[in-house]
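Colleague: Next come a sequence and a model predicted from it.
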Amino acid sequence: MLLGSAKDPGTFFVKTVKKTSLDAAYDTTKFYEAWRTVIQRYGIYNPYIGCGATTGLLPHGPHNLRDILATHILKQIGSYEQASYTIQDTLDVVQQHYGRFLPQGKAALTAKILNQVWEAA
């Protein structure tokens, strides 16, 4: 129903189908452009018109979500394996690309978790 007479591309994200464009699938470039447009239009706070969700947010592409997720997992849990599962990449790539975000050591992370447990008890 959403695609009208266009063929279903079998993807989660589809674009508007028009008479001049019957292909509802995004290619890599078009998806990136659409993502940035949504972030610019709705994500970045504009103080002059009072719209937008986040103050200080800069335009960014969808690949940045991988960076945010992997970094957050490493900082919170300290597990390369969990970070690799989250962003659907290999353990080696996560260790090489995001390893600098791991806290000083797993011992420090373990101590932090234990301290939280003792404080709660």
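Modeller: It's in. Numbers count the residues shown, from 1 in each chain.
Colleague: Tell me where the chain is predicted with low confidence.
Modeller: For the chain, applying pLDDT under 70 flags the ranges 1, 101-107, 109, 121.
Colleague: Could you chop this structure up by domain?
Modeller: Domain assignment for the chain by automatic domain parsing gives 1-58, 63-120.
Colleague: which residues are in contact with stretch 84-104?
Modeller: 66-67, 69-71, 73-75, 78, 80-81, 83, 109 (Cβ atoms under 8 Å, 6 or more residues apart in numbering). Every residue, glycine included, has its C-beta placed from N, CA and C.
Colleague: In that stretch, which residues are buried?
Modeller: 84, 86-87, 94, 97-98, 102 (16 or more other Cβ atoms under 10 Å).
Colleague: Please put the alpha-carbon coordinates of that stretch into CSV.
Modeller: In CSV, the C-alpha atoms belonging to stretch 84-104 read as follows (Å, rounded to 0.1, in the frame of the first residue of the first chain):
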residue,chain,number,x,y,z
SER,A,84,31.4,-6.5,18.2
TYR,A,85,27.9,-8.2,18.5
THR,A,86,26.2,-4.8,18.9
ILE,A,87,27.7,-3.3,15.7
GLN,A,88,27.8,-6.6,13.8
ASP,A,89,31.5,-6.5,13.2
THR,A,90,34.5,-8.6,13.9
LEU,A,91,36.3,-8.7,17.2
ASP,A,92,39.6,-7.5,15.5
VAL,A,93,37.9,-4.5,13.9
VAL,A,94,36.4,-3.4,17.3
GLN,A,95,39.8,-3.9,19.1
GLN,A,96,41.7,-1.9,16.5
HIS,A,97,39.2,0.9,15.9
TYR,A,98,37.6,1.4,19.3
GLY,A,99,40.2,0.0,21.7
ARG,A,100,41.4,3.4,22.7
PHE,A,101,38.0,4.0,24.5
LEU,A,102,38.4,1.1,26.8
PRO,A,103,39.0,2.3,30.4
GLN,A,104,42.5,1.9,31.9
